[in-house]
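Student: Need a 3D model of the sequence below.
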Amino acid sequence: MNRIVPLILAVALFMEQMDSTVISTSLPAIAADLGVGPITLKLALTSYMIALATFIPLSGWMADRFGAKRVFRLAILVFVAGSVLCAGAESLVGFVVSRFLQGMGGAMMTPVARLVLVRSTSRSELVSAMALLTIPALVGPLAGPPLGGFITTYFSWHWIFLINVPVGILGFVLSGIYLPEIRAAPPPLDWKGFLLSAVAASGTMFGLSVVSLPALPPQVGFAATAVGLCCGALYVRHARRHPAPLLDLTLFRDSAFRAAAIGGTLFRVSVGAVPFLMPLMLQVGFGLTPFQSGLVTFTGAIGAITTKFLAKKVLSFAGFRTTLIVACLSGTVLTFVNGLFTLQTPFALIAAVLLVAGFARSFFFTSVNALAFADIPDRDASKATAMTAVLQQMSLALGVAVAGSILEIETAITGSALTLSDFQLAFMIIAGLTLTAVFPFLTMARNAGASVSGHRLGEVERETTAVK
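Tutor: Numbering: from 1, shown residues only. Next comes the predicted model:
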């Protein structure tokens, strides 16, 4: 495996993933400069997610039609241009539009990077490559809040976006040198499917964002979610009749892809909820500053990084099924433990739990991302990348929405402001939802994805050697 390829892709994805959360701790400062309230400015978060939801379904077709390398490099330029415009924005409208442009670039970067990796990596090396690509997806959201708080406190919020410029230029140059040329001959674009999927995904994500981060009346969020779900149902009907739908539902006929898609989506609800709940609990319940809470939660990133060195060996020994079941159960238990933290709990212990949780989550996502492509033919790789990317974004948004709704319901019942007990109960409920992710893997064959994990293949080789 040419290791420079996943490293280039990982750096670009880290930039995109970090930027999706880096402004969360800087909202008050940005809002003050733009002359609006922090809650109103959360529209910038929403516009970014809407852009992701709208254009991700198009990413696979674009990569096949114009070449994955060309689309990936163009996505970097669009993302960097959006970053520069964010830094120079002088009004709410300008900032929101700039974030939308960033999201357009991010929507192409993530799935196209995964497509380049799948098509340029042998099946036997896919786990190691996916481990590199999984790190930014886990480290970025954890690094964003403390980095954003540090830059805003000691420099200026404008640098949150300007630091993307040198990173983006470096990624653009290196990708031009090292990324392979990958192109296919896709069928004509499914315009009706694109419109339906765009409204379905963006409407649902916009609605969930408004419900969980109320910058607009909640009724707007519920209405948008309803429209999104209706368009989603219409898309399913359309895809069953169209010969080449934009998001191909026949991918779910593959048992490994189906288990990875369903189990991964359910587990990501927890991943979307925890980064939302933990900083709030540390600030509201424990009285920490945003920067201090960010430093505590960042320990989860260390656990995520260590997986890179172990994932391939563990999967070769245990296989996808066992590894995913254990990682899912571990993630469930550790999420529940977050609900047991009290004011007397040492911060060192909290950091240790988050460290192990990051380790478990990273193992899960490295495994589930590789499993999704284990038995998918190369000709369908672009379809699989678009489908998995859409499901990932939807589930992460759902995690934040579920966590926010739980807190809203608790405050409505008690009639008081948020307290530590509210967060404790929220973590326990999220843990229960996370547990449901294990069921798709319980019914999965023990040798599923053996061509990628090498699990059963290794057993066959050992048995053959013993016979000889």
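Student: Name the spans of the stretch 101-250 of the chain whose pLDDT lies under the cut-off.
Tutor: 123, 134-143, 145, 212-215 (pLDDT under 70).
Student: tally of neighbours for Phe341?
Tutor: 22 (other Cβ atoms under 10 Å). Using the backbone N, CA and C atoms, a C-beta is placed for each residue, glycine as well.
Student: Tell me how far it lies from Met278.
Tutor: From Phe341 across to Met278, the span is 9 Å (Cβ to Cβ, to the nearest Å).
Student: Now do the same contact list for Val211.
Tutor: By Cβ atoms under 8 Å, 6 or more residues apart in numbering, the residues touching Val211 are 218, 221-222, 225, 401, 404-405.
Student: Which strand or helix spans it?
Tutor: When elements are assigned from DSSP states H and E, Val211 belongs to helix 191-212.
Student: Pull that helix out as PDB, backbone CA atoms only.
Tutor: In PDB, the C-alpha atoms belonging to helix 191-212 read as follows (Å, rounded to 0.1, in the frame of the first residue of the first chain):
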ATOM      1  CA  TRP A 191     -31.700  14.400 -11.900                       C
ATOM      2  CA  LYS A 192     -35.000  13.500 -10.300                       C
ATOM      3  CA  GLY A 193     -33.200  11.300  -7.800                       C
ATOM      4  CA  PHE A 194     -30.800  14.100  -7.100                       C
ATOM      5  CA  LEU A 195     -33.500  16.600  -6.300                       C
ATOM      6  CA  LEU A 196     -35.500  14.200  -4.100                       C
ATOM      7  CA  SER A 197     -32.400  13.000  -2.200                       C
ATOM      8  CA  ALA A 198     -31.200  16.600  -1.800                       C
ATOM      9  CA  VAL A 199     -34.500  17.800  -0.300                       C
ATOM     10  CA  ALA A 200     -34.800  14.600   1.800                       C
ATOM     11  CA  ALA A 201     -31.300  14.800   3.300                       C
ATOM     12  CA  SER A 202     -31.100  18.600   3.600                       C
ATOM     13  CA  GLY A 203     -34.700  19.000   4.900                       C
ATOM     14  CA  THR A 204     -34.200  16.300   7.500                       C
ATOM     15  CA  MET A 205     -30.800  17.600   8.600                       C
ATOM     16  CA  PHE A 206     -32.000  21.200   8.700                       C
ATOM     17  CA  GLY A 207     -35.000  20.200  10.700                       C
ATOM     18  CA  LEU A 208     -33.000  18.100  13.200                       C
ATOM     19  CA  SER A 209     -30.500  21.000  13.500                       C
ATOM     20  CA  VAL A 210     -33.200  23.500  14.300                       C
ATOM     21  CA  VAL A 211     -34.800  21.200  16.800                       C
ATOM     22  CA  SER A 212     -31.500  20.500  18.600                       C
END
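Student: what's the spacing between Ser59 and Phe194?
Tutor: 11 Å.
Student: neighbour-wise, which of those two wins?
Tutor: Neighbour count, other Cβ under 10 Å: between Ser59 and Phe194, Ser59 has more, with 27 against 19.
Student: Next, count neighbours for the closest residue to Ser316 other than its chain neighbours.
Tutor: Nearest residue to Ser316, sequence neighbours excluded (Cβ to Cβ, 6 or more residues apart in numbering): Gly454, at 4.5 Å. By other Cβ under 10 Å, 20 other residues sit near Gly454.
Student: close enough to count as contact, Gly454 and Leu315?
Tutor: Yes. With contact defined as Cβ atoms under 8 Å, Gly454 reaches Leu315; the gap is 7.4 Å.
Student: joint contacts of those two?
Tutor: Common contact partners of Gly454 and Leu315 (Cβ under 8 Å, 6+ apart): none.
Student: returning to that earlier point: give me phi/psi at the residue nearest to Ser316?
Tutor: phi 80, psi 10 (degrees, to the nearest 10).
Student: For it, list the residues it contacts.
Tutor: Gly454 neighbours (Cβ under 8 Å, 6+ apart): 124, 315-316.
Student: 10 Å instead?
Tutor: Counting by Cβ atoms under 10 Å, 6 or more residues apart in numbering, Gly454 touches 123-124, 127, 312-313, 315-317, 319, 461.
Student: what touches both of Phe341 and Met278?
Tutor: With Cβ under 10 Å, 6+ apart, Phe341 and Met278 have common neighbours 350, 423, 427.
Student: In helices only, show me those.
Tutor: Using DSSP state H, the subset of the shared contacts of Phe341 and Met278 located in helices is 350, 423, 427.
Student: quick one on the thing from earlier: will you turn the contacts of Val211 into TSV that also has neighbour count?
Tutor: Shown next, in TSV, are the contacts of Val211 (neighbours: other Cβ atoms under 10 Å):
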residue	neighbour count
Pro218	14
Gly221	22
Phe222	14
Thr225	20
Ala401	25
Gly404	21
Ser405	15
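Student: Which of those residues fall within helices?
Tutor: Using DSSP H, the members of those that fall within helices are 218, 221-222, 225, 401, 404-405.
Student: where exactly do the helices run in the stretch 51-200 of the chain?
Tutor: 68-88, 92-120, 126-154, 159-162, 164-178, 191-212 (DSSP state H, counting those that start in this stretch).
Student: what angle sits between the fifth one and helix 68-88?
Tutor: Between the axis of helix 164-178 and that of helix 68-88 there is an angle of 170 degrees, by axes from the mean of the first three to the mean of the last three Cα atoms, to 10 degrees.
Student: Now tell me what touches stretch 339-347 from outside.
Tutor: So stretch 339-347 is contacted by 277-278, 281-282, 285-288, 292, 295-296, 299, 349-350, 352-353, 420-421, 423-431 (Cβ under 10 Å, 6+ apart).
Student: Okay, and which of those map to helices?
Tutor: The members of these that map onto helices under DSSP H are 277-278, 292, 295-296, 299, 349-350, 352-353, 420-421, 423-431.
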